[in-house]
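Visitor: give me coordinates for this.
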Amino acid sequence: MSTGFEGLDRSAGQAVPEQGAPGRFATRGEAEQLTALSATDLVAGYEKRSLSPVEVTDAVLGLIERENPALNAFCLVRPDEAREAARASEERWRRGEPQGRLDGVPTSIKDIHLTRGWPTLRGSRTVDPDQDWPEDSPVVARLRESGAVFVGKTTTPELAWKGTTDSPLTGITRNPWDLSVTPGGSSGGSAAAVASGMGPLATGTDGGGSVRIPASFTGTFALKPTYGVVPHYPASAFGTLAHTGPMTRTVADAALMLDVIGVPDHRDWLASPAPATPFSAALENPVRGLRIAYSPTLGHLEVEPEVARVVDDAVTAFAELGAHVEQVDPQLGDCRRDFQILWYTGAAKATERLGEQQRTLLDPGLREIIEEGLAYSAQDYLTAMDTRMRMGRIMGRFHAAYDLLLTPTMPITAFEAGREVPPGSADRRWTSWAGFSYPFNMTQQPAASVPCGLTAAGLPVGLQVVGPRHADGLVLAACRAFEEARPWAHL
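Guide: Residues are numbered from 1 along each chain as shown. As a prediction, this is how the structure comes out:
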């Protein structure tokens, strides 16, 4: 009996769509074709009944079963619940009554976001899984209301404390491009899931680069929106450094996802009002005539030569699109110590209720920064906040002259999995190599990472696009224009 969903072309070995999953899948059979599709493609197919939410969900779950043992991107998968949600979605589409704009789209949730009925362990052995989990965080609630099919929860370092993804609870998460290297973090599980085709959408959090670092390392797209655009609950111990954002393979998918999750929630008193127009409506805005600054080092950072070369070449695309591009630094200075004061005191706050026995279960690196955080004074904290306010003023003035700022997302490519820093590093902390990302958590600006090329070793490089506060649509439009000018073929 026909369900009214005709499905894809049944011929095996069809070429991967240009914006599909990473290149280790050179050709794809039917199921793999489904996992290569974007969320916007899926929704269009559901509407035309050429695609089936059940078939798509089965394909994604099959890929998770095959690939996750090596990648360790998921710490929880609920296939029966996902299939039940997919069947309900298929019936809604059959009736022509979709629940929302993401109805039937397989989506994964970072194990930081509360999810009703599923444990949220935050990568920590100190959280008891055997308790009631009655509530969705705002981002999960909005996705659920939109009909998204939740396939599972993705891995995170403990309490999302660092820029790589490994924890005493879930072990080491690996990069689909090379299993020996890290996908970055702290949203590394989400990035690895999206990059490998295990669902087109994932949630991420970003307190110092945690969606942009893994996007750069895995060749995916991620946006840290302006603070408050996506409501955050429970309130983060890291305060207003912590953002929530979409992690996807395409810019259009990120804009669509942001349209769904970027609405106020009464549980977050700092949430922004709903936008006047959808974020996806800004995607076709032209780049021509924009004033764009390019800072290859932010004035003081060392960048690997091959990364610098790839990013330099990527920046020329904006001039070719008609923008006025100028190499200039915003003169922010080095804010690493101030960021660390805020970050480490946040880690101390997040763990203040733990007993001594529970503290022995923590990641050793996390224990170290907690001890450092406890040693800072109120004066240290206020001085760091003063630096943050100064940085905000500098960037406000900078954006009076320039519409956007371009930088490398990361000064390096992915390095050995299971380490906080690259081999041979003289520094022990992840902040030593993430200096392009956390300044814009300090200033709360929208910042995205868009894939812009590969190194000779075949590892992805990201381009960071930063806009003024509340110019999220402008950042998305610029990234979309770049994506179209330099299609990411996932070679």
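Visitor: quick one: low-confidence parts of this structure?
Guide: Across the chain, the ranges flagged by pLDDT under 70 are 1-28, 489-491.
Visitor: repeat that with 50
Guide: Within the chain, the stretches with pLDDT under 50 are 1-27, 491.
Visitor: Pro79 is in contact with Pro106, correct?
Guide: No. Contact between Pro106 and Pro79 fails when scored by Cβ atoms under 8 Å: they sit 11.2 Å apart. Heads up, the C-betas are built off the backbone N, CA and C, glycines and all.
Visitor: quick one: which of the two has more around it?
Guide: Comparing Pro106 with Pro79 by other Cβ atoms under 10 Å, the one with more neighbours is Pro106, at 33 against 16.
Visitor: excluding residues flanking it in the chain, which one is nearest the more buried one?
Guide: In space, and not counting its chain neighbours, Pro106 is closest to Gly199: 3.9 Å by Cβ to Cβ, 6 or more residues apart in numbering.
Visitor: again, but for Leu361
Guide: Distances taken as Cβ to Cβ, 6+ apart place Arg125 nearest to Leu361, at 4.3 Å, with adjacent residues excluded.
Visitor: number of nearby residues for the one you found?
Guide: 16.
Visitor: cool, Ala401 as well?
Guide: Counted with other Cβ under 10 Å, Ala401 comes out at 11.
Visitor: Gly462 versus that one, what's the distance?
Guide: Using Cβ to Cβ, to the nearest Å, Ala401 is found at 25 Å from Gly462.
Visitor: quick check, the residue nearest to Leu361 in a helix?
Guide: No. Secondary structure of Arg125 (DSSP: H, G, I helix; E, B strand; the rest coil): coil, not part of a helix.
Visitor: shared neighbours of Pro106 and Pro79, anything?
Guide: Residues touching both Pro106 and Pro79 (Cβ atoms under 8 Å, 6 or more residues apart in numbering) are Val151.
Visitor: just the helices in the stretch 251-400 of the chain please.
Guide: 251-261, 305-320, 336-350, 356-359, 364-375, 378-401 (DSSP state H, counting those that start in this stretch).
Visitor: will you turn these into CSV that also has distance to Gln131?
Guide: CSV is the format used below for those (distance: least, Cβ to Cβ, whole Å):
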stretch, distance to Gln131
helix 251-261, 26
helix 305-320, 44
helix 336-350, 18
helix 356-359, 15
helix 364-375, 22
helix 378-401, 32
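Visitor: can you tell me which of those is most buried?
Guide: Ranked by mean neighbour count under mean count of other Cβ atoms under 10 Å, these are led by helix 251-261, which reaches a mean of 26.
Visitor: for that helix, packing partners?
Guide: For helix 251-261, the packing partners by 3 or more Cβ pairs under 8 Å, 6 or more residues apart in numbering; DSSP states H and E come out as helix 39-48, helix 138-145, strand 201-206, strand 221-224, strand 243-248, helix 472-485.
Visitor: can I get that helix as CSV, trimmed to CA atoms?
Guide: Output of helix 251-261 as CSV, limited to C-alpha atoms (Å, rounded to 0.1, in the frame of the first residue of the first chain):
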residue,chain,number,x,y,z
VAL,A,251,24.0,28.3,6.0
ALA,A,252,20.3,28.0,5.0
ASP,A,253,19.8,25.2,7.5
ALA,A,254,21.3,27.4,10.3
ALA,A,255,19.0,30.3,9.4
LEU,A,256,16.0,28.0,9.4
MET,A,257,17.0,26.5,12.7
LEU,A,258,17.6,29.9,14.2
ASP,A,259,14.1,31.0,13.0
VAL,A,260,12.7,28.2,15.2
ILE,A,261,14.9,28.6,18.3
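Visitor: between that helix and strand 243-248, how big is the angle?
Guide: Comparing the axes of helix 251-261 and strand 243-248 via axes from the mean of the first three to the mean of the last three Cα atoms, to 10 degrees yields an angle of 140 degrees.
Visitor: excluding its backbone neighbours, what's nearest Asp403?
Guide: Leu290 (4.6 Å).
Visitor: list the contacts of that neighbour.
Guide: Shown in contact with Leu290 (Cβ under 8 Å, 6+ apart): 318, 323-324, 403-404, 478.
Visitor: give me the phi and psi angles of it.
Guide: Backbone dihedrals for Leu290, given as degrees, to the nearest 10, come out at phi -70, psi 150.
Visitor: Ile64 sits in which helix or strand?
Guide: helix 53-71 (DSSP states H and E).
Visitor: specify the angle between that helix and helix 39-48 in degrees.
Guide: Going by the same axes, to 10 degrees, helix 53-71 makes 150 degrees with helix 39-48.
Visitor: what residues does helix 53-71 touch?
Guide: Against helix 53-71 from outside (Cβ under 8 Å, 6+ apart): 5, 7, 30-32, 34-35, 37, 42, 46, 73-74, 77, 79, 82-83, 85-87, 89-90, 93, 103-104, 106, 149, 151-152, 173-174, 176, 179, 192-193, 196-199.
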